[in-house]
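1. here's a sequence, model it:
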Amino acid sequence: MVTNLKMSAEQVYAIYRQRGDSDNRIKELRDDLGLGRTSCHGFWANQFRVLQAAAAFVMLQKMRLRLAAVGLASLQISTLRLRLLKIGGRIARSVRRVVVHLAAAHPWAHLWRRAALAVGATEP
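-> Numbering: from 1, shown residues only. Next comes the predicted model:
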């Protein structure tokens, strides 16, 4: 790495590493959540699409931070969506609790369980 910064190599590397992480978040926002998809004819429709993508990104980032306790904070947004959100299941509500029933052959059921426990779910 060539630079004109008057810092140690470790400090310069840390700066560039943070920049790379920011670039990765922008790429996730653009590619995984469709921020660049402004294909509507009206300005306000496109503005609303961008707002929805930004809101989804904030919620997924918050979920990623909550999942840090179980070692899932490094998952990309596309992985979180695929393994935790884009799944079929049945939700049963009662007075005291909400139960999510996943398919018996769900390949990431253990991941979903760890994530649910990390965000405050209780064991049955």
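
2. all helices of the chain, in order?
-> 9-27, 43-66, 77-80, 109-118 (DSSP state H).

3. against which helices or strands is the longest one packed?
-> Other elements packing on helix 43-66 under the criterion 3 or more CB pairs under 8 Å, 6 or more residues apart in numbering; DSSP states H and E are helix 77-80. For the C-beta atoms, the positions are set from N, CA and C on the backbone; glycine is no exception.

4. any buried residues in the helix it packs on, and which?
-> 77, 80 (16 or more other CB atoms under 10 Å).

5. and what of stretch 98-107?
-> Across stretch 98-107, burial judged by 16+ other CB under 10 Å covers no residue at all.

6. contacts for it, please.
-> Residues outside stretch 98-107 that contact it (CB atoms under 8 Å, 6 or more residues apart in numbering): 87-93, 109, 112, 116, 124.

7. how far away is the residue nearest to residue 92 when sequence neighbours are not counted from residue 87?
-> The shortest distance from residue 92 to any non-neighbouring residue, by CB to CB, 6 or more residues apart in numbering, is to residue 99 (4.6 Å). With distances taken as CB to CB, to the nearest Å, residue 99 is found 15 Å from residue 87.

8. same deal with residue 94?
-> Using CB to CB, residue 94 is found at 22 Å from residue 87.

9. let me know which of the helices of the chain is tucked in deepest.
-> Across the helices of the chain, the average number of neighbours (mean count of other CB atoms under 10 Å) peaks for helix 77-80, which reaches a mean of 18.

10. that helix - contacts with which helices or strands?
-> Checked by 3+ CB pairs under 8 Å, 6+ apart, helix 77-80 has helix 43-66 packed alongside it.

11. what does the helix it packs on contact?
-> Outside helix 43-66, the residues that touch it by CB under 8 Å, 6+ apart are 25, 28-29, 33-35, 37-40, 72-73, 75, 77, 80-81, 115, 118-119.

12. select only the buried ones of those in PyMOL?
-> Here is the PyMOL command that selects the buried residues among the contacts of helix 43-66 (16+ other CB under 10 Å):
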select buried, resi 28+29+33+35+72+75+77+80+81+115+118
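
13. how close does residue 10 get to residue 3?
-> For residue 10, the distance to residue 3 - CB to CB - is 13 Å.
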